[in-house]
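Peer 1: I would like to see how this sequence folds:
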Amino acid sequence: MIEESVITCPRCGHRAAERMPADACLFFYECPGCKTMLKPKPGHCCVFCSYGSVPCPPMQAKNPQVP
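Peer 2: Model (predicted):
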């Protein structure tokens, strides 16, 4: 299980490595660069699945081939 993901802001391109919660999804994330509040894209469970380099742990557990 990968516990860290790099979130890339779609607005300013800022990248930040963040530790993911092991048993929950993160619905909101404020970009440290431009302060934009990121929300999951339609059909995604959290910001890591939408903007991260690795999907969240619950999604990793559902699909062992991920990432």
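Peer 1: neighbours around the closest residue to residue 25 other than its chain neighbours, how many?
Peer 2: Nearest residue to residue 25, sequence neighbours excluded (CB to CB, 6 or more residues apart in numbering): residue 46, at 3.6 Å. Heads up, the C-betas are built off the backbone N, CA and C, glycines and all. The local packing of residue 46 (other CB atoms under 10 Å) involves 24 other residues.
Peer 1: same deal with residue 35?
Peer 2: Residues near residue 35, counting by other CB under 10 Å, number 10.
Peer 1: do the one 4 residues further on as well
Peer 2: In terms of burial, residue 39 registers 14 neighbours under the definition other CB under 10 Å.
Peer 1: what sits against the closest residue to it other than its chain neighbours?
Peer 2: Spatial nearest neighbour of residue 39, excluding adjacent residues (CB to CB, 6+ apart): residue 28 at 6.1 Å. Contact analysis of residue 28 by CB atoms under 8 Å, 6 or more residues apart in numbering lists 37, 38, 39, 47.
Peer 1: go through those and name the one nearest residue 17.
Peer 2: Distance ranking of the contacts of residue 28 against residue 17, using CB to CB, places residue 47 first at 13.7 Å.
Peer 1: any idea how far that closest one is from residue 6?
Peer 2: 12 Å (CB to CB, to the nearest Å).
Peer 1: common neighbours of these two, please.
Peer 2: Joint contacts of residue 47 and residue 6 (CB under 8 Å, 6+ apart) do not exist.
Peer 1: and the strands in this protein?
Peer 2: Along the chain, the segments classed as strands by DSSP state E run 4-8, 15-19, 29-30, 37-38.
Peer 1: which parts of the worst-scoring helix or strand of the chain on mean pLDDT are buried?
Peer 2: When each helix and strand of the chain is scored by mean pLDDT, DSSP states H and E, helix 57-62 comes last, with a mean of 89. Judged by neighbour count using 16 or more other CB atoms under 10 Å, the buried positions of helix 57-62 are 57, 58, 59, 60.
Peer 1: quick one: pLDDT of the residue nearest to the third one when sequence neighbours are not counted?
Peer 2: Nearest non-adjacent residue to residue 59, counting by CB to CB, 6+ apart: residue 49, 5.8 Å away. For residue 49, the model assigns a pLDDT of 95.
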